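K.L.:
test case, fold it:
(4 chains)
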Amino acid sequence: MEIKVLFFGVLAEVTGTNCKHYREVRSIGDLKHRIQDDFPEVVHYNYRFSLNDEIINNDPKLNDGDEVALMPPFAGG
Amino acid sequence: MEIKVLFFGVLAEVTGTNCKHYREVRSIGDLKHRIQDDFPEVVHYNYRFSLNDEIINNDPKLNDGDEVALMPPFAGG
Amino acid sequence: MNELISNILYAIVMNYLINGPVTQNIMAHFMEKMGEKTDSGGHSVFLGQVRADEINGKKVKAIEYSAYGAMVKVEADKIKETILLQFGDVRSIDIVHSTGIVKAGEISLFVLVSAGHRHQAIQACSKAVELIKEKLPVWKKEIFEDDSHEWKH
Amino acid sequence: MNELISNILYAIVMNYLINGPVTQNIMAHFMEKMGEKTDSGGHSVFLGQVRADEINGKKVKAIEYSAYGAMVKVEADKIKETILLQFGDVRSIDIVHSTGIVKAGEISLFVLVSAGHRHQAIQACSKAVELIKEKLPVWKKEIFEDDSHEWKH
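P.N.:
Next comes the predicted model:
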């Protein structure tokens, strides 16, 4: 299985990427460790996860084709 | 002395005039009677007086050249 | 913009009244000026529109407004002062009100308030609209499709 | 209006986002539609403008916005539903937000709420603006005159 991870705002800047694919990642908790291994600097930032366009507060299982985003606090307007 | 009296809104309609001059009228109270003599129908309507662009709640003396208006409740917007 | 139009717009800005509806062109004039104030962060606009109400089976086709022009000027100036005193973040207030015939679907009142931040822009615009309704010496009669009319209070 | 422009406007209406500032032309498009709803009595518009703030002696010349487009669509649809449920007199809600570069003095957010009567138009527009700030996945960085930048939270 493969999922797509999007980085927004300051997290796109500090990771140097907008998008990265991860394979064989079972849950958001699992993914969070994988991302921190790749981009240690993200631990310094405040962010939430979304899964398929919905903000999540729990630790759901991930499925093939899922889209996850790392979202710093919103600042629209 | 002569003053100018303006009629607005429904009062312009029921009196059939926008403007009438009155001579030798000493106060708003005095003027009110003179207007009611000329246009008895105004007693059926709710209105306030203004004197020289200011709403008045008392009974001031009138002076030559004053402009008085009879104003039904406002309905702008 | 040619000189004639510019003079007409100047008269509206100074006297608050326009004969007929507040057109898209007039609104555009005020909205184009917004960007000049680069210390503004929010603009709140209110537009009053003539509604095609149905009253006792008769449909409103237009409203005819009349106004006491000299006193509108005095009162609208006061409203602007009041708002500027109460809302320290407000940078500017524009008010345009129609006189004469305004058809259903057309705009009869335009209020634009610019402020440094959104909350004061929105609150001040809302307050200005309430003061306009309460204080401006303007009267209206609804004109129905059969050309009969009724004064509104 | 030619077909290309009409397609661009349709995409804005459906997706809420536009690349670059909300221009006078785009605002005019939405404001021209207002008169079609002759049961509307009031329209409340909010415009968010990029402010030329000075921060530590450096002046903001622009803001660069980025957005999570798919989620903006989901969240803005939800905001519209929320407002329509809460304010029964509201007839329509339009929202346009910029992505990319918007210069100081330019408009980055346009919200237009039409209602039967003024109070609900004004309150619903204010509520929509708060929900947009809270719920839309949009990020911004201020770009200074020396081309340095700072992320805003």
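K.L.:
which residue does chain A have closest to chain B?
P.N.:
A:Gly77 (28.3 Å; C-beta to the nearest C-beta). Placement of C-beta: from N, CA and C, glycine included.
K.L.:
name the SS class of that residue, please.
P.N.:
Assigned with DSSP: H, G, I helix; E, B strand; the rest coil, A:Gly77 falls in the coil class.
K.L.:
what's near enough to touch it?
P.N.:
Neighbour list for A:Gly77: C:118, D:48, D:97, D:108-109, D:129, D:132-133, D:138 [criterion: C-beta atoms under 8 Å, 6 or more residues apart in numbering or on different chains].
K.L.:
what lies in contact with the host helix or strand of A:Tyr22?
P.N.:
A:Tyr22 belongs to strand A:19-23 when assigned by DSSP states H and E. By C-beta under 8 Å, 6+ apart, the surrounding residues in contact with strand A:19-23 are A:1-7, A:31, A:34-35, A:38.
K.L.:
let's have the contacts of A:Gly77 in a markdown table, adding pLDDT and neighbour count.
P.N.:
As requested, the contacts of A:Gly77 are exported to a markdown table (pLDDT from 0 to 100; neighbours: other C-beta atoms under 10 Å in any protein chain shown):
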| residue | pLDDT | neighbour count |
| --- | --- | --- |
| C:Arg118 | 97 | 23 |
| D:Gly48 | 98 | 25 |
| D:His97 | 97 | 24 |
| D:Ser108 | 98 | 28 |
| D:Leu109 | 98 | 25 |
| D:Val129 | 98 | 25 |
| D:Ile132 | 98 | 24 |
| D:Lys133 | 97 | 16 |
| D:Val138 | 98 | 28 |
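K.L.:
show me which pair in these is furthest apart.
P.N.:
Across these, the two members that end up farthest from each other (C-beta to C-beta) are C:Arg118 and D:Val138, 14.9 Å apart.
K.L.:
still on that earlier bit, what residues of the helix or strand that comes right after the strand holding A:Tyr22 count as buried?
P.N.:
Using DSSP H and E, the helix or strand that directly follows strand A:19-23 along the chain is helix A:28-38. Under the neighbour-count criterion of 16 or more other C-beta atoms under 10 Å in any protein chain shown, helix A:28-38 has A:28, A:31-32, A:35 buried.
K.L.:
next one: stretch A:61-77
P.N.:
Per 16+ other C-beta under 10 Å, stretch A:61-77 contains these buried residues: A:62, A:66-72, A:74-77.
K.L.:
how far out from the middle of the chain is it?
P.N.:
Centroid displacement of stretch A:61-77 relative to its chain, using C-alpha atoms, centre = their mean, to the nearest Å, is 6 Å.
K.L.:
then stretch C:83-100?
P.N.:
The mean C-alpha position of stretch C:83-100 is separated from the chain mean by 10 Å, C-alpha atoms, centre = their mean.
K.L.:
which residues sit in contact with residue 74?
P.N.:
Chain wasn't specified; assuming chain A. Counting by C-beta under 8 Å, 6+ apart, A:Phe74 has contacts D:133-139.
K.L.:
hm, I was asking about chain C
P.N.:
When contacts are counted by C-beta under 8 Å, 6+ apart, C:Val74 touches B:53-54.
K.L.:
apply 7 Å and report the result again.
P.N.:
When contacts are counted by C-beta atoms under 7 Å, 6 or more residues apart in numbering or on different chains, C:Val74 touches B:Asp53.
K.L.:
any idea how far the residue of chain C positioned farthest from its centre lies from D:His117?
P.N.:
Going by C-alpha atoms, centre = their mean, the residue of chain C most distant from its centre is C:Gly57, 29.3 Å out. Separation of C:Gly57 from D:His117 (C-beta to C-beta, to the nearest Å) stands at 21 Å.
K.L.:
try C:Lys73
P.N.:
Between C:Lys73 and D:His117 the distance, using C-beta to C-beta, works out to 27 Å.
K.L.:
so those two - more neighbours on which side?
P.N.:
Looking at C:Lys73 and D:His117 with other C-beta atoms under 10 Å in any protein chain shown, you find the greater number of neighbours at C:Lys73, namely 16 against 12.
K.L.:
quick check, nearest of the contacts of A:Phe74 to D:Lys33?
P.N.:
Set against D:Lys33, the nearest of the contacts of A:Phe74 by C-beta to C-beta is D:Leu136 (22.6 Å).
K.L.:
one step back: pull the most distant pair out of the contacts of strand A:19-23.
P.N.:
The two members of the contacts of strand A:19-23 with the most space between them (C-beta to C-beta) are A:Met1 and A:Phe7, at 20.3 Å.
K.L.:
the two: who's more crowded?
P.N.:
Neighbour count, other C-beta under 10 Å: between A:Met1 and A:Phe7, A:Phe7 has more, with 23 against 12.
K.L.:
now the more buried one: how far from chain D?
P.N.:
Taking C-beta to the nearest C-beta, to the nearest Å as the measure, A:Phe7 and chain D are separated by 10 Å.
K.L.:
likewise for A:Ile3?
P.N.:
Here A:Ile3 is placed at a distance of 15 Å from chain D (C-beta to the nearest C-beta).
K.L.:
go ahead and confirm that residue touches A:Arg26.
P.N.:
No. Assessed by C-beta atoms under 7 Å, A:Ile3 is found out of contact with A:Arg26, at 10.1 Å.
K.L.:
and for the two, which residues touch both?
P.N.:
Any residue near both A:Ile3 and A:Arg26 by C-beta under 7 Å, 6+ apart counts here, and that gives A:Leu62.
K.L.:
how close does C:Thr82 sit to chain B?
P.N.:
With the distance defined as C-beta to the nearest C-beta, C:Thr82 ends up 16 Å from chain B.
K.L.:
which non-adjacent residue is nearest that residue?
P.N.:
Nearest-residue entry for C:Thr82: C:Leu131, 6.7 Å, with adjacent residues in sequence omitted and distances by C-beta to C-beta, 6 or more residues apart in numbering or on different chains.
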